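*Asks:* build the 3D model from these lines:
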Amino acid sequence: MQRRPGFPARLAGLPGPGGAPRAPRPVGPGLDFSAVRARMVQKLAAGGIASAAVLRAMGTVERHRFVDGALATQAYEDTSLPIGLGQTISKPYAVARMCELLLGAEGARTGGLGRVLEIGTGCGYQAAVLSLLAREVYTLERLHGLYDKARENLRPFRLTNVHLLFGDGMLGYARGAPYAAIIAAAGGDAVPPSWCEQLAVGGRLVAPMALTGRQQMLLVIDKTAQGLKQSVLEPVHFVLLKSGIA
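*Replies:* I've put the predicted structure just below:
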């Protein structure tokens, strides 16, 4: 069995997927977003999200804790919000949709999500959602300012199955491979070869891509014993995929 690498930014507490995160510190006096979060989940279900596991995760993770305090009241609207350094937190529907697609992979259907690689941690929200759906989450952020922000946002939840990494997402993370699923929160013109190489047979990759230079589309790649199978789904809008670290 392949030995897992160690991580300097490992977060402590949650035993694994399916459990609720421990309650973090309050945002402020009298602020309770549970009702509006429940309405968000109802809207996601009405909008076509059918996975009970995804809806449960979206209803558990408190999105308002991943945005600036001034934007907290907008946290459960179906909109992306700025998180600094020209980046955004994805719309709740986009997060739920992509997570549901991951759960539709052949390997997930037979045994649930195992090890997942997330490209683009951002503020850490999607990593927290994935932590409730996967055995392990390796999440890469290329901007050190966001890496620090994600670490602070995730720390109160004590997610032992989330490994936060600073590095170039276009290279993936070979030391953790193979991955049962790979999900990207940024889109380029082509899927980096390293992602497909690091995807396990039976695994699934979900990412926005501007294929042939056109509008970004949601792309699903399934890796089979016979090769890669690609499906192009609906139009999406994500930040641009970039190489290097900053």
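*Asks:* any idea how far the residue lying closest to residue 37 once chain neighbours are set aside lies from residue 227?
*Replies:* Nearest non-adjacent residue to residue 37, counting by Cβ to Cβ, 6 or more residues apart in numbering: residue 76, 5.6 Å away. Glycine gets a C-beta too; all of them are placed from N, C-alpha and C. Applying Cβ to Cβ, to the nearest Å, the value for residue 76 to residue 227 is 41 Å.
*Asks:* which one of those two is surrounded by more residues?
*Replies:* residue 76 (21 against 9; other Cβ atoms under 10 Å).
*Asks:* doesn't residue 33 make contact with the more buried one?
*Replies:* Yes. When contacts are counted by Cβ atoms under 8 Å, residue 76 is listed as touching residue 33 (6.6 Å).
*Asks:* find the residues that touch each one of the two.
*Replies:* residue 64 (Cβ atoms under 8 Å, 6 or more residues apart in numbering).
*Asks:* and the strand or helix carrying residue 137, what does it pack onto?
*Replies:* Assessed by DSSP states H and E, residue 137 sits inside strand 134-141. If you count contacts as 3 or more Cβ pairs under 8 Å, 6 or more residues apart in numbering; DSSP states H and E, strand 134-141 packs onto strand 113-119, helix 125-131, helix 144-154, strand 162-166, strand 179-184.
*Asks:* apply 6 Å and report the result again.
*Replies:* The contact analysis (3 or more Cβ pairs under 6 Å, 6 or more residues apart in numbering; DSSP states H and E) places strand 134-141 against strand 113-119, helix 125-131, strand 162-166.
*Asks:* with mean neighbour count and mean pLDDT added, can I get these in TSV?
*Replies:* Shown next, in TSV, are the helices and strands packed on strand 134-141 (neighbours: other Cβ atoms under 10 Å; pLDDT from 0 to 100):
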stretch	mean neighbour count	mean pLDDT
strand 113-119	25	97
helix 125-131	28	98
strand 162-166	23	98
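*Asks:* of all those, which one is nearest residue 90?
*Replies:* helix 125-131 (6.5 Å; Cβ to Cβ).
*Asks:* perfect, I'm done here.
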